[in-house]
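S.K.: build me a structure from this.
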Amino acid sequence: MEILKLNSINKFYGENHALKDLSFSVKKGEVVVILGPSGCGKSTTLRCINGLEKIQSGTMEILGVKIDKDFKNWREIRQKVGMVFQSYELFDHLNVMKNVTLGPMKVEGISKDEAEKRAKFWLKKVGLIQKAYAHPKELSGGQKQRVAIVRALCMNPEIMLFDEVTAALDPEIVREVLDVMLSLASEGRTMLIVTHEMAFARAVADKIIFMDKGVIVETSTPDEFFTNPKTDRAKKFLNMFEFKK
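M.R.: Predicted coordinates for the structure are as follows:
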């Protein structure tokens with residue numbers, strides 16, 4: 001069942017045509033990884049799906065809700081579509097527990113006890129229960145990013161969007177964040193991921209979408225994309241990375 005569908009989405013920044021008739025779909029439980037060079041429209045795509053960027057034309061269908069350029073009810077959509085950013089966006093003055101329970105309590109209206117129960121479940125799952133009452137300044141970059149993932153999960157989203165979540169991390173702590181995402185994928189969670197981590201993309205994805213200059217150049221399975229890309233542009237892109245085919 002398709003729970004996310006983009007139909008001929010166009011996005012402009014002034015004269016810059018960032019997304020050009022973008023169309024693809026994501027099935028329930030599917031992990032889709034978007035790859036491509038910097039500036040190709042990967043992050044813009046995620047931001048349009050979450051209503052952080054306004055589309056100029058085309059439509060989206062998210063969990064049965066049809067969205068066009070005049071759509072206004074993004075609060076409802078964001079309760080079902082969680083997004084994790086490259087920058088953690090944590091509140092420095094709040095401890096971890098307050099950071100991750102604020103959304104469920106304010107948006108869903110659940111009790112503090114219920115929100116904390118939900119938070120403890122996910123903090124334990126990502127190996128951070130011991131940091132529940134620490135402040136962001138006491139955490140490493142990898143720990144902060146795992147907290148950001150927990151914050152999104154505490155809203156019980158049906159789709160998770162990940163935008164280059166390891167890009168700002170030191171190489172030695174990237175693995176701890178990727179392991180959390182691999183675990184979520186293994187549980188059948190629907191995920192749309194933008195990343196430059198090629199080995200991770202191959203391991204986690206059910207489908208690869210390769211973009212360049214605002215268009216989808218090719219779509220294929222991870223094995224097909226990494227061993228036998230269909231286009232010269234994809235071959236050139238992959239040659240920039242060192243990984244085992």
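
S.K.: since we're on Asp179, how many residues are nearby?
M.R.: Counted with other CB atoms under 10 Å, the neighbours of Asp179 add up to 15. For the C-beta atoms, the positions are set from N, CA and C on the backbone; glycine is no exception.

S.K.: over to Leu182?
M.R.: 15.

S.K.: can you give me the strands for this structure?
M.R.: Here the chain has its strands, by DSSP state E, at 2-13, 16-27, 31-35, 57-62, 65-67, 81-84, 159-163, 191-194, 207-212, 215-220.

S.K.: need the contact partners of the last one.
M.R.: The contact list for strand 215-220 (CB atoms under 8 Å, 6 or more residues apart in numbering) reads 20-24, 36, 41, 207-211, 225, 229-231, 233-234.

S.K.: just the buried ones out of the residues you listed, please.
M.R.: Buried subset of the contacts of strand 215-220 (neighbour count, 16 or more other CB atoms under 10 Å): 22, 24, 36, 41, 207-211, 225, 229, 233-234.

S.K.: out of the residues you listed, what pair is the most spread apart?
M.R.: Greatest spacing in the buried ones among the contacts of strand 215-220, by CB to CB: Leu22 and Pro229 (19.8 Å).

S.K.: contacts only, for the residue nearest to Val165 when sequence neighbours are not counted.
M.R.: Leaving aside its chain neighbours, Val165 sits nearest to Val84 (5.2 Å; criterion: CB to CB, 6 or more residues apart in numbering). Under the criterion of CB under 8 Å, 6+ apart, the neighbours of Val84 are Gln145, Ala148, Ile149, Ala152, Met160, Leu161, Phe162, Asp163, Val165.

S.K.: the last one touches Phe85, doesn't it?
M.R.: Yes. Because the distance of 7.3 Å satisfies CB atoms under 8 Å, Val165 is recorded as touching Phe85.

S.K.: find residues that contact each of the two.
M.R.: Shared contacts of Val165 and Phe85, counting by CB under 8 Å, 6+ apart, come down to Ala148.

S.K.: give me every residue that touches the nearest residue to Lys42 once chain neighbours are set aside.
M.R.: Distance criterion CB to CB, 6+ apart; nearest residue to Lys42, sequence neighbours excluded, is Val194 at 4.3 Å. Counting by CB under 8 Å, 6+ apart, Val194 touches Val33, Ile34, Lys42, Ser43, Thr45, Leu46, Phe162, Asp163, Glu164.
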